[in-house]
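Chemist: Here's my sequence, what's the structure:
(2 chains)
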Protein chains: 2
Amino acid sequence: MAHSRDEFEKRLRRIGEERYHDKHPFHHMLHSGQCTPDQVQAWVLNRFVYQAHIPMKDAALMSRCDDPVLRRIWRSRIEDHDGSEEAPGGIERWLRLATAVGLDRDYVASMQGALPASRFAVEAYVRFVRDRTLLEAIASSLTELFAPKIHSERIEGLLQHYDFADENSLSYFRNRLVEAPKDVAFGLQYVLDHADTREKQDAAAAALTFKTDVLWAQLDALHSAYVEPGRIPPGAWRPGEGMAK
Amino acid sequence: MAHSRDEFEKRLRRIGEERYHDKHPFHHMLHSGQCTPDQVQAWVLNRFVYQAHIPMKDAALMSRCDDPVLRRIWRSRIEDHDGSEEAPGGIERWLRLATAVGLDRDYVASMQGALPASRFAVEAYVRFVRDRTLLEAIASSLTELFAPKIHSERIEGLLQHYDFADENSLSYFRNRLVEAPKDVAFGLQYVLDHADTREKQDAAAAALTFKTDVLWAQLDALHSAYVEPGRIPPGAWRPGEGMAK
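Modeler: Numbers count the residues shown, from 1 in each chain, chains lettered A, B, ... in the order given. Below is the predicted model of the structure:
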């Protein structure tokens, strides 16, 4: 039997409580000032792979959507990330963070030193959105329900513990505090409205679970390479490489 | 051996001279006032399928493009077609044309009565852009090189011969006179810059040829169903259906 709307929303929120990557030990290290400068750099350059693919994921979603109104609403996500000629977008803001932590902006943008596992996880996300139903594609974006909390903690934690952190270098997170709630309000509404059978509710919950896996896998890869056991895969960034000139 | 830039551009333009759908007998009928009201309606409702898929095609292209600057430039095409909350886009303008020729706007928007062959051709175009190289995807958009001429002829021909034609109903074409040249200037530049081997030049020329096939196939289907032999496929729109209430 289908969940009530209320039960279903609770089920979705429970996925965040149990599986969102704010529970990952790497984030605890990062936010409490326990990361070395190298580890912060490793995080920034690997997370860039995710940032860089988000607009491609959103375009993939729009390419499957035959409703101009829904496309128009979704378009603002691409604008937020790619920016306009006048205003920088999220990708540019992330590159400012990269410069602030001492990395060369072009090196980071090239994604050369990123961990293969980061790339695989992100590519799985883009493919998921391209191949699954529109409902599942939109449900996979609902990790944004849990993002404002992590972004607030992050701004606070980074400002407190790291010299590179200031309003300029952290402007990505500050902006997401405004953008994510607007996006997710629409996405949540859409999923609650359209998952009108138990089968669709299960598919939407599975999509959100999948997305938490995508985020978690990136931090696992980072932790494995740069924290413990600290085994950097062949070809991946090593501390000291790709520094700002 | 690769063509010179100049030769290559000439080769691309020759494809338009030989194969663009302004050469199709249906367009001659339409522009010279020889279409019956039914035939004009059939054209408007079938061509809507193409209009409705163009932003999906452009989003598919953006979903494969990892350059934020290129994505930003391409984004304006989606804006042109989907419009914004304040300003109508190309799809809305086409629906105004549908109303002006006496069709019900929701019926046209549903694409219910469209010829299967129109749909197949348009879907082939979206898939082509999704699956081929970025160069081929962009090259396939270069039919816009030949569009301003057909749009001017169309505005003139329709205004002269049909009662429904006025600045409001034809605003789609008037707008494309401004939008298409801006888009195609970028697309042509990109293709001339990136097709730097004979193999890539051949692929780009084949992509443009493919696109002329997509356009031509739509008019052939229209002609076959509504002009000669006038055999309307099962389930497709029949004159008198889907009229404005």
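Chemist: Model confidence for the residue nearest the centre of chain A, exactly?
Modeler: Closest to where the C-alpha atoms of chain A average out (C-alpha atoms, centre = their mean) is A:Tyr50, at 6.0 Å. Looking at A:Tyr50, its pLDDT reads 96.
Chemist: Outside of stretch A:35-46 itself, list whatever touches it.
Modeler: The contact list for stretch A:35-46 (C-beta atoms under 8 Å, 6 or more residues apart in numbering or on different chains) reads A:26, A:29-30, A:94, A:97-98, A:101-103, A:107-108, A:113-115, A:118, A:162, A:164, A:218, A:221-222, A:225-227, A:237, A:239, A:242. Just so you know, the C-beta spots here come from the backbone N, C-alpha and C atoms, and that holds for glycine as well.
Chemist: repeat that for 6 Å
Modeler: Contacts to stretch A:35-46, defined as C-beta atoms under 6 Å, 6 or more residues apart in numbering or on different chains, come from residues A:29, A:97-98, A:101, A:103, A:108, A:114-115, A:118, A:222, A:226, A:237, A:239.
Chemist: Quick one: name the residues of chain A near chain B.
Modeler: A:55-56, A:59-60, A:62-63, A:68, A:71-72, A:82, A:91 (C-beta under 6 Å from any C-beta of the partner chain).
Chemist: Can you get me a residue count around the spatially closest residue to A:Arg93 that is not a sequence neighbour?
Modeler: With C-beta to C-beta, 6 or more residues apart in numbering or on different chains as the criterion, A:Arg93 has its nearest non-adjacent residue at 3.8 Å, and that residue is A:Tyr172. As a burial measure, A:Tyr172 scores 22 neighbours (other C-beta atoms under 10 Å in any protein chain shown).
Chemist: A:Tyr172 against A:Ile91, yeah?
Modeler: No - taking C-beta atoms under 6 Å as the definition, A:Tyr172 is not a contact partner of A:Ile91, at 9.0 Å.
Chemist: As a markdown table, the residues of chain A next to chain B with neighbour count would be great.
Modeler: As requested, these are arranged in a markdown table below (neighbours: other C-beta atoms under 10 Å in any protein chain shown):
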| residue | neighbour count |
| --- | --- |
| A:Pro55 | 26 |
| A:Met56 | 24 |
| A:Ala59 | 29 |
| A:Ala60 | 25 |
| A:Met62 | 26 |
| A:Ser63 | 25 |
| A:Pro68 | 21 |
| A:Arg71 | 22 |
| A:Arg72 | 18 |
| A:Asp82 | 25 |
| A:Ile91 | 20 |
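Chemist: can those go into a markdown table with extra columns for pLDDT and secondary structure?
Modeler: Formatted as a markdown table, those follow (pLDDT from 0 to 100; DSSP: H, G, I helix; E, B strand; the rest coil):
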| residue | pLDDT | secondary structure |
| --- | --- | --- |
| A:Pro55 | 96 | helix |
| A:Met56 | 96 | helix |
| A:Ala59 | 97 | helix |
| A:Ala60 | 96 | helix |
| A:Met62 | 97 | helix |
| A:Ser63 | 95 | coil |
| A:Pro68 | 93 | helix |
| A:Arg71 | 96 | helix |
| A:Arg72 | 95 | helix |
| A:Asp82 | 95 | helix |
| A:Ile91 | 96 | helix |
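Chemist: can you put the residues you listed in JSON lines and add distance to A:Arg154?
Modeler: Converted to JSON lines, those look like this (distance: C-beta to C-beta, whole Å):
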{"residue": "A:Pro55", "distance to A:Arg154": "22"}
{"residue": "A:Met56", "distance to A:Arg154": "24"}
{"residue": "A:Ala59", "distance to A:Arg154": "27"}
{"residue": "A:Ala60", "distance to A:Arg154": "27"}
{"residue": "A:Met62", "distance to A:Arg154": "29"}
{"residue": "A:Ser63", "distance to A:Arg154": "32"}
{"residue": "A:Pro68", "distance to A:Arg154": "36"}
{"residue": "A:Arg71", "distance to A:Arg154": "31"}
{"residue": "A:Arg72", "distance to A:Arg154": "31"}
{"residue": "A:Asp82", "distance to A:Arg154": "22"}
{"residue": "A:Ile91", "distance to A:Arg154": "18"}
